[in-house]
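A.B. asks: predicted model and sequence follow; I will ask about them next.
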Amino acid sequence: MHKRHLIVLGLSAVSLVFSSAALAWNAERGQSISQVCAACHGPTGTSIAPDFPNIGGQHRDYLYRALLDYKLGNRQDPIMAGQVAELSRQDMRDLAAFYAAQEGLYLKR
Ligand code: HEC
């Protein structure tokens with residue numbers, strides 16, 4: 001095979017890896033950017049006071065959608081609007097993955 005072909009193949013493999021990493025839901029990265037959220041929602045999403053919803057253990061897609069809706073203005077809350085203002089979609093995916101992976105509250109039945 002030609003050297004040039006190999007380079008092209010190599011480059012497309014690299015870009016494939018990068019694009020799939022960007023689409024992944026990275027809970028570890030989510031945890032690293034969740035410190036600011038912990039002030040209200042607690043370190044694992046079990047909130048520190050009844051004014052703040054528990055988000056630990058909630059479904060990932062629900063959490064992502066909620067964050068996206070605050071960002072897009074579909075859901076309006078002055079506190080959360082400020083929180084998501086600087087977050088990218090990837091940040092919100094990673095935060096959603098992190099909180100979804102937490103134990104959350106147990107329901108006694
Ligand atoms: C200053 C306190 C505060 C901080 C900090 C904060 N939140 Fe919130 N969060 C709230 C309040 C209050 C609500 C409820 C708003 C409403 O009524 O829609 C909320 C709602 C949410 C919801 C929707 C919950 C549901 O059940 O629908 C999610 C998800 C969420 N926050 C995630 C985050 C994330 C992620 C961060 C960090 C980037 C964060 N919050 C930072 C106070 C806070």
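C.D. replies: It's in.
A.B. asks: in terms of secondary structure, what does whichever helix or strand R93 is part of contact?
C.D. replies: Following DSSP states H and E, one finds R93 within helix 89-100. For helix 89-100, the packing partners by 3 or more C-beta pairs under 8 Å, 6 or more residues apart in numbering; DSSP states H and E come out as helix 27-32, helix 60-72. All C-beta atoms are positioned from the backbone trio N, CA, C, and that covers glycine.
A.B. asks: out of those, which comes closest to the ligand?
C.D. replies: With respect to the ligand, and counting by C-beta to the nearest ligand atom, the nearest of the helices and strands packed on helix 89-100 is helix 60-72 at 4.0 Å.
A.B. asks: surely F52 and H41 touch.
C.D. replies: Yes: with contact defined as C-beta atoms under 8 Å, F52 reaches H41; the gap is 5.7 Å.
A.B. asks: who has more neighbours out of the two?
C.D. replies: Taking other C-beta atoms under 10 Å, F52 and H41 do not tie; H41 has more neighbours (20 against 16).
A.B. asks: wait, what's in contact with that one?
C.D. replies: With contact set as C-beta atoms under 8 Å, 6 or more residues apart in numbering, H41 has these partners: 47-48, 52-56, 99.
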